[in-house]
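Student: quick one, fold the following:
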Amino acid sequence: QVQLVESGGGLVQPGGSLRLSCGASGSIFRIHTMGWHRQAPGKQRELVAAFPSGGSTNYADSVKGRFTISRDNAKNTVYLQMNSLKPEDTAVYYCHAYVRPTFTSPSYNYWGQGTQVTVSS
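Tutor: Numbers count the residues shown, from 1 in each chain. You can find the predicted model right below:
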């Protein structure tokens, strides 16, 4: 089993910054993609940013130039630096990882429990 634990959410004023962290633990043979999704009240969950193991990062258009995703493979951790935050960034942010737990197993999607980000004055 694989666990994803997020931290770093909170309340911030418009224009402010937050940094989210997500660490993966448990049975991990290989982590393919790590990333962040978010879900605002009454809306569908959407991709914010993703960091494939062997490819380039990608971002939702709404966060390009403001958010930066990074990854520490030695720590099985992904980060999301969020700058110039706007009220419309308010949502629950979920960490996601596509993981192969063992050498002989297929890969599965795993999700964190979510962390609330609120942007308000």
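
Student: so where does the residue nearest to the spatial centre of the chain fall, helix or strand?
Tutor: In the chain, the C-alpha nearest the mean C-alpha coordinate belongs to Trp36, at 2.4 Å (CA atoms, centre = their mean). Trp36 is located in strand 30-39, with elements delineated by DSSP states H and E.

Student: show me what counts as buried in the helix or strand just after that strand.
Tutor: Counting by DSSP H and E, the next helix or strand C-terminal to strand 30-39 is strand 46-51. With burial defined by 16 or more other CB atoms under 10 Å, the residues of strand 46-51 counted as buried are Val48, Ala49, Ala50, Phe51. Every residue, glycine included, has its C-beta placed from N, CA and C.

Student: tell me the one of these nearest Ser27?
Tutor: Nearest to Ser27 out of the buried residues of strand 46-51 is Phe51 (CB to CB; 21.0 Å).

Student: Ser25 touches Ile31, doesn't it?
Tutor: No - between Ser25 and Ile31 there is no contact under CB atoms under 8 Å: 11.1 Å.

Student: mind checking which of those two has more residues around it?
Tutor: For Ser25 versus Ile31, neighbours defined as other CB atoms under 10 Å are more numerous around Ile31 (21 against 12).
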